[in-house]
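Asks: Provided below are the primary sequence and the corresponding predicted coordinates.
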Amino acid sequence: MNGILGLENGRTGTYLTTKGGAILKKIIILALAAAMSAGVTACAKKPAAEEHGAHEHEAAEGTAFLHIHGLGYSRDGERLYIPVHNGIKIYAGGAWSDAPGDKHDYMGFSAADNGFYSSGHPAEGTRYKNPLGLIRSTDEGQSITVLALEGEVDLHGMAVSYRTHTLYALNPEPNSKMKQQGLFYSRDEGKTWTPAAMAGVSGQITSLAVHPSDDKISAIGTTAGTYVSRDYGQTYAQLDPKPASALTFTDQGELLIGSTGAVELRKVNPGTGQAESWKPASAGEAITYISANPADPKKAAYTTEKKNVYVTSDGGATWTQIAEEGQAADGK
């Protein structure tokens with residue numbers, strides 16, 4: 001998860017507020033979450049394939065994005081994944097397609113080098129319990145494996161270490177794995193979770209990211225700035241004071257940060273604080289999700305509150321718009 005954890009573009013999310021370095025006891029889940037899950041059949045878990053196999057993408061069934069729930073690249077950097085409330089849209093080679101499989105409402109979508117991890121709500125007519133809990137897919141959603149917490153919790157605020165697969169999650173309510181609200185991390189794909197104190201964080205949390213290869217390093221964006229931890233989320237130090245709307249780590253361990261107010265997109269070295277401006281193409285629009293291409297440091301993508309989607313192949317010098325206000329474009 002690397003974008004706004006709130007009500008943007010009709011999305012639901014989690015707001016976690018901190019004060020003076022201490023976590024307030026209440027995590028607020030917006031009431032719209034109930035409306036989004038209405039009408040979804042909650043049944044028993046069905047088997048899911050474990051192996052990544054060859055499959056064909058379907059031509060995009062529709063070009064409209066009702067919501068945008070995340071952003072992430074495939075391991076080879078050739079495909080950009082956008083969960084859009086009813087399944088996943090894939091952008092590759094200048095064209096859009098629908099990911100195979102059931103059209104689940106993926107929330108907390110987090111791409112990794114072995115596929116993706118997510119939470120959310122099952123597609124109508126499937127036999128998964130609602131909410132999905134924690135799931136993994138290794139074949140772009142053609143099949144999913146339920147890892148934990150099925151029928152218990154919807155983890156809107158979640159992020160994964162791209163190469164180590166350590167998961168961080170903002171838990172909204174006590175459940176069988178996490179006995180309290182707050183930040184937790186798991187190094188065994190959700191079997192066990194360890195609480196993280198989040199000491200030092202101030203403001204309303206908007207985004208969460210994990211270093212791609214060093215899982216003890218994580219970052220939190222809030223209305224009071226960007227904070228970085230080097231001890232599995234126990235303590236955080238402020239890296240930047242500008243309000244952050246979205247952030248993600250590059251494969252080289254730098255942070256791409258979208259700031260609110262005077263909308264900015266910057267690449268920041270967490271160790272030195274050195275920043276490089278990547279001027280966004282969309283003036284005045286809050287950035288909601290950012291993803292860095294793991295195969296090419298000059299490539300990245302971001303989405304906005306108006307459901308515009310942009311990609312760059314030259315380190316932010318120029319941007320190509322591939323979706324306009326929720327309508328897919330060919331990007332050419």
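Replies: Sure, I can see it. Numbering: from 1, shown residues only.
Asks: what's the distance between stretch 232-252 and the middle of its chain?
Replies: 14 Å (Cα atoms, centre = their mean, to the nearest Å).
Asks: what's the answer for stretch 123-142, then?
Replies: For stretch 123-142 - counting by Cα atoms, centre = their mean - the centre lies 16 Å from the chain centre.
Asks: And for stretch 283-300?
Replies: With Cα atoms, centre = their mean, you get 12 Å for stretch 283-300.
Asks: And stretch 95-110, by the same measure?
Replies: Using Cα atoms, centre = their mean, the offset of stretch 95-110 from its chain centre is 13 Å.
Asks: Now that stretch - C-alpha only, CSV.
Replies: Below are the C-alpha coordinates for stretch 95-110, written out as CSV (Å, rounded to 0.1, in the frame of the first residue of the first chain):
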residue,chain,number,x,y,z
ALA,A,95,-2.6,-1.2,-24.3
TRP,A,96,-5.0,-2.2,-21.6
SER,A,97,-6.3,-5.7,-20.6
ASP,A,98,-8.2,-7.3,-17.8
ALA,A,99,-6.3,-9.6,-15.5
PRO,A,100,-7.6,-13.2,-15.6
GLY,A,101,-9.6,-14.8,-12.8
ASP,A,102,-12.4,-13.6,-10.5
LYS,A,103,-13.0,-9.8,-10.3
HIS,A,104,-12.4,-9.4,-6.6
ASP,A,105,-12.4,-6.0,-5.0
TYR,A,106,-8.8,-5.9,-4.0
MET,A,107,-7.8,-3.5,-1.1
GLY,A,108,-4.4,-3.0,0.4
PHE,A,109,-3.0,-4.2,-3.0
SER,A,110,0.8,-4.8,-2.7
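Asks: could you give the mean pLDDT of it?
Replies: Averaging pLDDT along stretch 95-110 yields 96.
Asks: Now it: buried residues?
Replies: 96-110 (16 or more other Cβ atoms under 10 Å). (Each C-beta comes from the backbone N, C-alpha and C, glycine too.)
Asks: Likewise for stretch 108-122?
Replies: For stretch 108-122, a neighbour-count test (16+ other Cβ under 10 Å) marks 108-113, 115-122 as buried.
Asks: Stretch 193-200 too?
Replies: Neighbour count says stretch 193-200 has W193, P195, A196, A197, M198, A199, G200 buried, by 16+ other Cβ under 10 Å.
Asks: Send me that stretch as PDB with only the CA atoms.
Replies: Output of stretch 193-200 as PDB, limited to C-alpha atoms (Å, rounded to 0.1, in the frame of the first residue of the first chain):
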ATOM      1  CA  TRP A 193       2.300 -10.900  13.400                       C
ATOM      2  CA  THR A 194       4.400  -8.700  15.600                       C
ATOM      3  CA  PRO A 195       3.200  -5.400  16.900                       C
ATOM      4  CA  ALA A 196       5.200  -2.200  16.000                       C
ATOM      5  CA  ALA A 197       5.000   0.700  18.400                       C
ATOM      6  CA  MET A 198       5.300   3.400  15.700                       C
ATOM      7  CA  ALA A 199       7.000   5.800  18.200                       C
ATOM      8  CA  GLY A 200       7.800   9.200  16.800                       C
END
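Asks: How about residues contacting it?
Replies: 18, 21-23, 168-169, 171, 177-178, 180, 182-186, 220, 227, 229, 232-238 (Cβ atoms under 8 Å, 6 or more residues apart in numbering).
Asks: Q204 belongs to a helix, doesn't it?
Replies: No - checked against DSSP: H, G, I helix; E, B strand; the rest coil, Q204 lies outside a helix; its state is strand.
Asks: Kindly state the beta-bridge partners for it.
Replies: Beta-bridge partners for Q204, by DSSP bridges, are T17.
Asks: right, and it touches G225 too?
Replies: No - the criterion here is Cβ atoms under 8 Å, and Q204 misses it with G225 at 11.3 Å.
Asks: Give me the more crowded residue out of these two.
Replies: When Q204 and G225 are compared on other Cβ atoms under 10 Å, the one with more neighbours turns out to be G225, at 19 against 16.
Asks: Nothing else from me, thank you.
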